[in-house]
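Asks: Structure for the following, please:
(one chain, ligands or ions: 1)
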Amino acid sequence: MSSIAIIGTGHMGRALGHGWALAGERVVYGSREPGARRDLGSVAPGAAVRSYGEALAEGEVVVIAIPFSQVASFVQEHRDQLQGKIVVDITNPFDDLKDRNKAAAQITSELIGGRARVVAAFKDNFAGTLYREDRRDGERIQVRVAGDDDAAKAVVASLAEKLEADVLDCGSLANARFLDAMVSLMVFLDSAYADGHQRSGWIFASALCE
Ligand SMILES: NC(=O)c1ccc[n+]([C@@H]2O[C@H](COP(=O)([O-])OP(=O)(O)OC[C@H]3O[C@@H](n4cnc5c(N)ncnc54)[C@H](OP(=O)(O)O)[C@@H]3O)[C@@H](O)[C@H]2O)c1
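Replies: Numbers count the residues shown, from 1 in each chain. Reported below is the predicted structural model:
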C-alpha cells in the first residue's frame, strides 16, 4: 500500500492528513523537525513523521503543504525524488508571484522539470472546512483541481472525494492561475462578510453575499 507524503505539518497538512488517515489512507509527514511533531499521531491516526527525504521515499503522492515562499528551495533540493510522482501543489502565492500570468503550480512543475506530474488542488479550501466532523449534516465542500496529467488528476480527485468533497475539474495546469487569484478574493469575502472565521468555502463565501 503506497503512502501519501504530506510535506509540512501546519494547518493544511494536519487537516488533510486527518481526513485521509480516517479514510484509511497511509499518511507520512515530511517535517523540518520530525522529532518535535509527535502530536501528529493524535491528529492523523497512524501517520508517521519523517524528514523530507524519508517521507518522499515513501510517498507515491506528494502534497506540498509549506509556504509558497519555501517551495522553490524544497523542490530544488528534492528534485530527483519528485520525478514521476504525483505532486499536489496546494500553496497560495498571494502577492509573491513575479509573473501573474503563470500559476504557482506551473512554476512548481517547471522547477521539477522532466517527469513532473503536478496537480493544483485544495488552494481555495480553508483548512477548517476539511474536517468532516465539523460540517453540518450533509454539508459537502468543493475541491477544484487543475493539471495537465489526467491520470494524476484522477488520483487527486479520488483523494479529495475521500474527504467527502465534490470535485470540479478546472482543466489545465495553466488554469490554476485563476485558482490562485480567486483565493485572494475568497479571503477578502470571508473577512468582509464572515468575520474572517475561515469556516466557509468559496461557494459559501459567495452565498453570504446574496
Ligand atoms: N490555511 C489554509 O486555510 C490554507 C488553505 C489552502 C492552501 N493553503 C496553503 O497551504 C500551505 C500551508 O498552509 P498552512 O496554513 O498549513 O501553513 P502553516 O500552518 O503555517 O504550516 C506550514 C508548515 O510548513 C512547514 N514549513 C516549512 N518551511 C517553513 C517556513 N520557512 N516557515 C514556516 N513553515 C514552514 C512547517 O512544518 P514543519 O515545521 O513541520 O516543517 C509548517 O507547519 C501554504 O502554502 C498555504 O498558502 C492554506
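
Asks: Could you report the neighbour count for the closest residue to residue 103 other than its chain neighbours?
Replies: Distances taken as CB to CB, 6 or more residues apart in numbering place residue 176 nearest to residue 103, at 3.6 Å, with adjacent residues excluded. Bear in mind the C-beta positions are built from the backbone N, C-alpha and C, glycine included. Residue 176: 28 surrounding residues under other CB atoms under 10 Å.

Asks: mind listing what residue 176 touches?
Replies: By CB atoms under 8 Å, 6 or more residues apart in numbering, the contact set of residue 176 is 89, 103, 104, 105, 106, 120, 123, 146, 147, 170.

Asks: Narrow these to those in strands?
Replies: 89, 120, 146, 147 (DSSP state E).

Asks: Now rank those residues by neighbours and give me the top one.
Replies: Ranked by neighbour count under the definition other CB under 10 Å, those are headed by residue 120 with 32 neighbours.

Asks: wait, it sits on residue 179?
Replies: Yes. Counting by CB atoms under 8 Å, residue 179 is a contact partner of residue 120 at 5.9 Å.

Asks: if I look at those two, which residues touch both of them?
Replies: Common neighbours of residue 120 and residue 179 (CB under 8 Å, 6+ apart) are 103, 146.

Asks: follow-up on the earlier one: phi first, then psi, for the residue nearest to residue 103.
Replies: Dihedral pair for residue 176: phi -60, psi -20, per degrees, to the nearest 10.

Asks: That one and residue 161, how far apart?
Replies: The gap separating residue 176 from residue 161 is 20 Å, by CB to CB, to the nearest Å.

Asks: residues touching residue 23, list them.
Replies: With CB under 8 Å, 6+ apart, residue 23 has these contacts: 162, 163.

Asks: Got the confidence number for it?
Replies: Reading off the confidence values, residue 23 has pLDDT 97.

Asks: The contacts of residue 176: which ones sit near the ligand?
Replies: residue 123 (CB under 6 Å from any ligand atom).

Asks: Could you report the neighbour count for the residue lying closest to residue 50 once chain neighbours are set aside?
Replies: Spatial nearest neighbour of residue 50, chain neighbours left out: residue 34 (5.5 Å); criterion: CB to CB, 6+ apart. Counted by other CB under 10 Å, the residues lying close to residue 34 total 18.

Asks: dump the residue contacts of residue 34.
Replies: Counting by CB under 8 Å, 6+ apart, residue 34 makes contact with 49, 50, 51.

Asks: now do residue 204
Replies: Contacts of residue 204 (CB under 8 Å, 6+ apart): none.

Asks: and the strand or helix carrying it with the ligand, contact?
Replies: Per DSSP states H and E: residue 204 is located in helix 202-208. No. Among the residues of helix 202-208, none lie within reach of the ligand under CB under 6 Å from any ligand atom; the closest is 11.1 Å away.

Asks: rewinding a little: show me which of the contacts of residue 34 are buried.
Replies: Those of those that meet the buried threshold are 49, 50, by 16 or more other CB atoms under 10 Å.

Asks: Tell me the one of the contacts of residue 34 nearest the ligand?
Replies: Of all the contacts of residue 34, the ligand sits closest to residue 49, with 7.8 Å by CB to the nearest ligand atom.

Asks: How many residues are close by residue 105?
Replies: Using other CB under 10 Å, residue 105 has 32 other residues around it.
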